[in-house]
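K.L.:
Fold the stuff below for me.
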Amino acid sequence: MTVLVTGATGTVGRPLVRRLLAGGSRVRALTRAPARAALPAGAEVVAGDLTDTACLPGLFDGATTAHLITFDGATAAPLADGEGIAGAAEAAGVRAVTVLRGDVEPSPLERAVRAGSLRWTALAPVEFMGNALEWADSVREEGVVREGFPDVPSAVVHEADIAAVAAVALTGDDHHGREHWLTGPQALTVPERVRILADVLGRDVRYVPLGRDEVVARWRAEGFSEEDVEFFLAMRTDPPEAGRTVLPTVEEVTGRPARTFAQWARENAAAFGG
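P.N.:
Numbering: from 1, shown residues only. Presented below is the predicted three-dimensional model:
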């Protein structure tokens, strides 16, 4: 079996490549910059860009299955040419795909996959635990996390658990036509995550609440569009129930419990000066 992994240097792609290789699959890892990929030995690293229609012919040749991200890894914008990507996979003889959703609703690529002949498994993760890395600089330099909306819980999920579910779906036959909503084992507010991080680091980390206007001003200063700002506000002021509801999917699919935020914090403590 040869598995094409798109977004191979991303936070889900990297652990997926490692897991597939460990399970004995041949892996073709797609990245825009192979020279900087630093992926495990054994992976066939190839240059490619799903936003470039010209590179699609031949991209899937020889692949049995494929892991598809539905968004541009650089901008997070949904991939527009869903029909072209799905059609290229079908023409190359790909049998099955996992589709990693980047939004609450299916993207053009996911809709094209569902409408075609590919066997598909949709992966719908809630907020990534790795988003906490946005706090790394302020934690290292000041021992502070500045965020808004302190009362909104999120069932944050470890990226390696998303990869583990993807690996099972790509190498087995039991998950085709299913939509897997993926969460961690706890729904945590930002202050709760900050307390866990402080416990792991063994030092005080203060949570400093920001008002709505302060948060919006920061998003705009970081270059996000008004559409992005509206989406972020909706997720924090009226989040979908799925984003805060803990589900057993990771354990049901992989046979092991979902990783906790404390585990994630221990793995990434160095980024916070730990």
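
K.L.:
As a check, name the ranges of all helices in the chain.
P.N.:
For the chain, the helices defined by DSSP state H occupy 13-22, 82-91, 108-115, 136-142, 159-171, 190-201, 212-221, 226-237, 241-244, 249-254, 261-267.

K.L.:
among those helices, which is the most enclosed?
P.N.:
Of all those, helix 159-171 has the most neighbours on average by mean count of other Cβ atoms under 10 Å, namely a mean of 24. Every residue, glycine included, has its C-beta placed from N, CA and C.

K.L.:
Pop the domain breakdown of the chain in here.
P.N.:
Split into domains by automatic domain parsing, the chain comes to 2-125, 126-157+183-245+259-274.

K.L.:
Between the ones you listed, which one is closest to Ala163.
P.N.:
domain 2-125 (3.9 Å; Cβ to Cβ).

K.L.:
will you turn the helices of the chain into TSV that also has mean pLDDT?
P.N.:
Listed next are these as TSV, based on pLDDT from 0 to 100:
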stretch	mean pLDDT
helix 13-22	97
helix 82-91	95
helix 108-115	95
helix 136-142	97
helix 159-171	98
helix 190-201	98
helix 212-221	93
helix 226-237	87
helix 241-244	88
helix 249-254	97
helix 261-267	98
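
K.L.:
Output those helices as CSV; include the columns distance to Ala74.
P.N.:
Shown next, in CSV, are the helices of the chain (distance: least, Cβ to Cβ, whole Å):
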stretch, distance to Ala74
helix 13-22, 14
helix 82-91, 17
helix 108-115, 16
helix 136-142, 20
helix 159-171, 18
helix 190-201, 26
helix 212-221, 18
helix 226-237, 14
helix 241-244, 24
helix 249-254, 28
helix 261-267, 24
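
K.L.:
For Val152, find the nearest of these.
P.N.:
Ranking those by proximity to Val152 (Cβ to Cβ) places helix 226-237 first, at 5.5 Å.

K.L.:
For the closest one, which helices and strands make contact with it?
P.N.:
helix 212-221 (3 or more Cβ pairs under 8 Å, 6 or more residues apart in numbering; DSSP states H and E).
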